[in-house]
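>>> Here is a sequence with its predicted model. Questions after.
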Amino acid sequence: MTFSKWLNTFVDEKGLDRKHVFEVNGSEEWGTNYIPLECVIEACMNVHRDDQAKIKETLVYIDFRNGNVMDFFEYLAKGLAQ
């Protein structure tokens, strides 16, 4: 299964709202950013295969421990805002 298919399945099975918007601080020049989960997902699908493997590993780890995967997606959104 490709990473994109896996990630879409994961998001759907968790019932995550793809329209959820993260409000994150960017650089001083850009200020506050409003980044939808669907944009974070899209960005994840477009990173190097090694980074995709790390993202998958982290999401599986968080999920296995009954953590909130949206916290990790917010962390990724903050990275996009920088």
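Looks like it arrived, so ask away. Quick caveat: nothing in here was measured; it's all calculated off a predicted structure.
>>> and the closest residue to C44 other than its chain neighbours, what helix or strand is that in?
What sits nearest to C44 in space, not counting adjacent residues and going by C-beta to C-beta, 6 or more residues apart in numbering, is I55, at 5.4 Å. The C-beta positions use only the backbone N, C-alpha and C, and glycine is treated the same way. Using DSSP states H and E, I55 falls within helix 49-64.
>>> in that helix, what's buried?
Buried residues in helix 49-64, counted by 16 or more other C-beta atoms under 10 Å: 52, 55, 59.
>>> same thing with stretch 23-30?
Of the residues in stretch 23-30, V24 count as buried by neighbour count, 16+ other C-beta under 10 Å.
>>> Burial check on V69, number of neighbours?
Residues near V69, counting by other C-beta atoms under 10 Å, number 17.
>>> just to revisit the earlier point, helix or strand right after the helix holding I55?
Using DSSP H and E, the helix or strand that directly follows helix 49-64 along the chain is helix 69-81.
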